[in-house]
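J.: give the three-dimensional model of this entry:
(one chain, ligands or ions: 2)
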Amino acid sequence: MRFIGDWKIAFATCFFIALSIYVARLEFDNVVLHFLRLAKDFPENHTGGKVSEKSPYEEDFMTMFMSTAEDIDRSYSLHYDFYQESCPSAERIIAKAITETYNARPSIAPSLIRLLFHDCFIEGCDASVLLDADESLTSEKEASPNQSLKGLDVIDAIKSELENVCPGVVSCADIIVLAAREAVLLVNLHASLLVLSMLIISVTLNHVFGTPQAGGPFYPLETGRKDSVAAFKEIAERELPTPQANLSVILARFASRGFNERETVSLFGAHSIGTTHCTFFEDRLYNFAGTGKPDPELNPGFLQELKTKCPFSASASSPSPSPGTGLAPSLPASDCPKNYGMSPTGGNDGVIDLSFNNEGGEENFGTRYFRRLMQKKGLLFSDQQLTSSEETETWVRAYASDPQLFRRDFAMSMMKLSSYHVLTGPLGQVRTTCSKVLPKELI
Ligand code: HEM
Ligand SMILES: [Ca+2]
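T.: Residues are numbered from 1 along each chain as shown. Ligands and ions are numbered 1, 2, ... in the order given. The predicted structure is shown next:
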């Protein structure tokens, strides 16, 4: 009995020490939150909707948020707490909905982060990706890269909840970026108390030994995005890099949207969570670039493990665009079985964790992905391409060994992506249903 009592006291003590260290180590997020509070007290100091031209790494969150903006007309720009008066509970409602959904369906977190990328990368964060086809519009959802998107139902559900509370106020574009922000925060954080306690202890141990905390980083977001009245299927087909894209294609696509190498590499850290279909990399296992052999850039032991997860299928032997082409631009999705889209028939529809056989630990958001790249264990050809140039490999190595650097850079890049090319003021509309533009009589 005595032993059990001692054990309990020891456990409780460890738990509270672990908790204190964990909380203390959240300094990064706390600084941001502190700054957010400051920002709230001085609302006239917010930046406008445009992403700063200056590299965000020369600035911190404070300056990015509070730097000079006097010359920007606030009604035409994003600003912090845009819904403060029009819908004060909006951000709370979104956060609650995402947390509840995540508790029942943790896979929602990566799906929402990917949804943000696919929306913002194509003509900006304007919810264009959510529109359904109608007589005047071809849906972006039909573009081959978007056919495997998930989580749209959750955005729709949040939107209808918000429409009940404050009709016609909160844009779908803002819901996407806020939902993705909550998703980043939640990744790997499970709700059950037992799991949470164990997580805190294991995370604390990780800290002691120099590895990062669980969950993704927090980053502040301005709001006030408007929704588009158009969708951009062809642009999505053409511009979203394919899993077979080589580094120059990838860097060019990101650079044309203002992202440098460092920012691009940091965003790829999102691939440390979620899943991928075998069809997106099976050519690397069986028939790389039509050679009938595996990709020599794939770790041999890892290759064998992947083969058991993704057995040879008809689609693995079908011709594929040679790596690096991005997307065969002249072929419609259905004619191009190995492009970004799901091959409609004969494809390997197996699904595998992007962190398959992860050695970095579940809690290791970001860092584990970069460590795997250094071991030639990138799942997608496009992932492994990040180690193919000196500049990008430098960042891969940096993020693999410095979790705090990754968290900071990822947060900054996600902020930048979330504000890319937004519509504000009269340039867009607030849809009442995310999948439909407003009927003319309501505009
Ligand atoms: C060259 C650039 C990229 C390519 C080729 C690419 C490709 C892919 C592919 C093929 C999948 C698997 C989809 C499926 O099978 O359902 C995937 C998943 C994912 N991607 Fe990317 N991606 C890229 C960049 C990004 C970026 C920049 C982000 C975020 C900032 C991102 C976030 C994700 C996430 C979180 C998942 C998991 C989705 C889920 O589990 O539902 N990706 N990506
Ligand atoms: Ca868009």
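J.: show me where the stretch 151-300 of the chain has helices.
T.: 152-165, 172-186, 193-208, 233-239, 247-255, 261-268, 282-286, 300-309 (DSSP state H, counting those that start in this stretch).
J.: in what helix or strand does the closest residue to Gly378 other than its chain neighbours lie?
T.: Nearest in space to Gly378, with sequence neighbours left out and distances taken as Cβ to Cβ, 6 or more residues apart in numbering, is Gln384 at 3.5 Å. The C-beta positions use only the backbone N, C-alpha and C, and glycine is treated the same way. Using DSSP states H and E, Gln384 sits in helix 381-384.
J.: that helix and ligand 1 in contact?
T.: Yes. Interface with ligand 1: helix 381-384 contributes Ser382 (Cβ under 6 Å from any ligand atom).
J.: what comes into contact with that helix?
T.: 241-246, 250, 268, 271, 281, 283-284, 295, 297-298, 323, 369, 373, 376, 378 (Cβ atoms under 8 Å, 6 or more residues apart in numbering).
J.: contact residues of the chain facing ligand 2?
T.: 119, 122-123, 126, 128 (Cβ under 5 Å from the ion).
J.: surely Glu161 touches Glu100?
T.: No. Glu161 is beyond contact range of Glu100, at 11.1 Å (criterion: Cβ atoms under 8 Å).
J.: quick one on the thing from earlier: hey, which of the helices of the stretch 151-300 of the chain is tucked in deepest?
T.: helix 172-186 (a mean of 27; mean count of other Cβ atoms under 10 Å).
J.: how far off helix 152-165 does that one point, in degrees?
T.: Relative orientation of helix 172-186 versus helix 152-165 (axes from the mean of the first three to the mean of the last three Cα atoms, to 10 degrees): 120 degrees.
J.: does ligand 1 have contacts with helix 172-186?
T.: No. Counting by Cβ under 6 Å from any ligand atom, ligand 1 is not contacted by helix 172-186; separation bottoms out at 8.5 Å.
J.: by contact count, what packs against that helix?
T.: With contacts taken as 3 or more Cβ pairs under 8 Å, 6 or more residues apart in numbering; DSSP states H and E, helix 172-186 sits against helix 90-104, helix 108-121, helix 152-165, helix 403-418.
J.: just put the ones you listed in TSV and tack on distance to ligand 1 and mean pLDDT.
T.: As requested, these are arranged in TSV below (distance: least, Cβ to the nearest ligand atom, whole Å; pLDDT from 0 to 100):
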stretch	distance to ligand 1	mean pLDDT
helix 90-104	13	97
helix 108-121	4	98
helix 152-165	11	98
helix 403-418	6	97
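J.: near ligand 1, which residues of the chain show up?
T.: Going by Cβ under 6 Å from any ligand atom, the residues of the chain near ligand 1 are 107, 110-111, 113-114, 117, 148, 150, 241-243, 245, 250, 267-268, 270-271, 273-277, 280, 354, 380, 382.
J.: what sits closest to Arg181 if chain neighbours are left out?
T.: With Cβ to Cβ, 6+ apart, the residue lying closest to Arg181 is Leu221, at 5.7 Å.
J.: does that neighbour really touch Ala411, like I thought?
T.: No. Leu221 is beyond contact range of Ala411, at 10.5 Å (criterion: Cβ under 8 Å).
J.: pull the number of nearby residues for the residue in the chain that ligand 2 sits nearest to.
T.: Relative to ligand 2, the nearest point of the chain is Ser128 (3.6 Å; Cβ to the ion). Residues lying near Ser128 (other Cβ atoms under 10 Å) number 28.
J.: so how far is Val422 from it?
T.: Going from Ser128 to Val422 by Cβ to Cβ, to the nearest Å gives 12 Å.
J.: for the closest residue to ligand 1 within the stretch 201-350 of the chain, which non-adjacent residue is spatially closest?
T.: Nearest residue of the stretch 201-350 of the chain to ligand 1 (Cβ to the nearest ligand atom) works out as Gly274 at 2.4 Å. In space, and not counting its chain neighbours, Gly274 is closest to Pro110: 2.8 Å by Cβ to Cβ, 6+ apart.
J.: that neighbour: neighbour count?
T.: Pro110 has 23 neighbours, counted by other Cβ under 10 Å.
J.: if I look at it, how far off is Lys150?
T.: Counting by Cβ to Cβ, the gap from Pro110 to Lys150 is 9 Å.
J.: measure stretch 252-260 end to end?
T.: Taking Cα to Cα, to the nearest Å, the first and last residues of stretch 252-260 lie 9 Å apart.
J.: ok, residues contacting it?
T.: 51, 55, 121, 239-241, 245, 263-264, 267, 326, 413, 416-417, 420-421.
J.: now, which of the residues you listed sits nearest Ala95?
T.: The shortest gap between Ala95 and any of the contacts of stretch 252-260 belongs to Leu417, at 19.4 Å (Cβ to Cβ).
J.: ok, the closest one - contacts?
T.: 116-117, 120-121, 125, 259, 267 are the contacts of Leu417 under Cβ under 8 Å, 6+ apart.
J.: buried ones among those?
T.: The neighbour-count criterion (16 or more other Cβ atoms under 10 Å) marks 116-117, 120-121, 125, 259, 267 among the contacts of Leu417 as buried.
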